[in-house]
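Peer 1: sequence? don't have it. structure:
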């Protein structure tokens, strides 16, 4: 079955540091890949997505590239801000996005200190 | 436009009691999902409605959980009787087919 493994947290960084949160997956076929974020007191929000190999998703300075050869979708940001403090979830869905359930990783709590 | 709304946001109940969680999806979204995150673990799929029909309920943990979506609008998830291991955050999500899935803020359930 499908599974997602992501970097264990918590992660604490100083403002303006470089961020990487690792995510690898196991899936049959050609899944779509996602990063979701949960800010304190809010629901899950889609941060970015990629639907095929070599696609790069990007949003709010975050990027992740769909690497089929390494089955990875690592999240990166060049310079983090305090407002980026949140829990980040890597996820995948089957070929029929919108009609297929999401499989999530365990989440990585990120804290940015000024 | 209102997002996905969940109620209650927090609930503390005793083992053996019943709790009913409610989800109001975004208007017009036929697809409605329930997910759960038990403390520190991954978010796990529970079930998927298309309108009022259960499309996939493979993630429902046992028969103490009952989900309904009468009329294809809001949905309820009832846990009866609640056990300690049911504690966690219950997320609801909705989408139009093939589009972004929108999540609610979650209902935090604590069973003591």
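Peer 2: Okay, I see it. Predicted, not measured: the structure shown is a model, and the values here were computed from it. Numbers count the residues shown, from 1 in each chain, chains lettered A, B, ... in the order given.
Peer 1: so residue A:93 sits right up against residue A:31, yeah?
Peer 2: Yes - counting by C-beta atoms under 8 Å, residue A:93 does reach residue A:31; the two are 6.1 Å apart. For every residue, glycine as well, the C-beta is placed using N, CA and C.
Peer 1: quick one: which of the two has more around it?
Peer 2: Under the criterion of other C-beta atoms under 10 Å in any protein chain shown, the comparison of residue A:93 against residue A:31 puts residue A:31 first, with 27 against 21.
Peer 1: Need phi/psi at that one.
Peer 2: phi -70, psi 160 (degrees, to the nearest 10).
Peer 1: Once you drop chain neighbours, what's closest to it?
Peer 2: Leaving aside its chain neighbours, residue A:31 sits nearest to residue A:92 (4.2 Å; criterion: C-beta to C-beta, 6 or more residues apart in numbering or on different chains).
Peer 1: what is the mean pLDDT for whichever helix or strand that neighbour is part of?
Peer 2: Taking DSSP states H and E as the criterion, residue A:92 maps to strand A:86-93. Mean per-residue pLDDT for strand A:86-93: 95.
Peer 1: what's in contact with it?
Peer 2: A:2, A:4, A:6, A:9, A:21, A:23, A:25, A:27, A:31-40, A:44, A:47, A:73, A:75, A:100-105, A:107-110, B:42-43 (C-beta atoms under 8 Å, 6 or more residues apart in numbering or on different chains).
Peer 1: Show me just the buried residues among the residues you listed.
Peer 2: Buried members of the contacts of strand A:86-93, counted by 16 or more other C-beta atoms under 10 Å in any protein chain shown: A:2, A:4, A:6, A:9, A:21, A:23, A:25, A:27, A:31-38, A:44, A:47, A:73, A:75, A:100-105, A:107-108, A:110, B:42-43.
Peer 1: can you tell me the helix or strand for residue A:36?
Peer 2: strand A:32-38.
Peer 1: Give the pairing partners of that strand; include direction for each.
Peer 2: Sheet pairing for strand A:32-38, assigned by DSSP bridges, gives strand A:44-50 (antiparallel), strand A:86-93 (antiparallel).
Peer 1: Format the ones you listed as a markdown table; extra columns: distance to residue A:67.
Peer 2: Putting the strands paired with strand A:32-38 into a markdown table (distance: least, C-beta to C-beta, whole Å) gives the following:
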| stretch | distance to residue A:67 |
| --- | --- |
| strand A:44-50 | 10 |
| strand A:86-93 | 13 |
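Peer 1: tell me the most buried of the ones you listed?
Peer 2: Of the strands paired with strand A:32-38, the one with the most neighbours on average (mean count of other C-beta atoms under 10 Å in any protein chain shown) is strand A:86-93, at a mean of 24.
Peer 1: moving C-terminal of it, what's the next helix or strand?
Peer 2: strand A:102-104.
Peer 1: ok, that following strand: who's next to it in the sheet?
Peer 2: Partners of strand A:102-104 in the sheet, by DSSP bridges, are strand A:86-93 (antiparallel).
Peer 1: so how far is the strand it pairs with off the chain centroid?
Peer 2: Here strand A:86-93 is found 5 Å from its chain centre; the criterion is C-alpha atoms, centre = their mean, to the nearest Å.
Peer 1: Worst mean pLDDT across the helices and strands of chain B, which element?
Peer 2: Least confident helix or strand, chain B: strand B:102-103 with a mean of 90, by mean pLDDT, DSSP states H and E.
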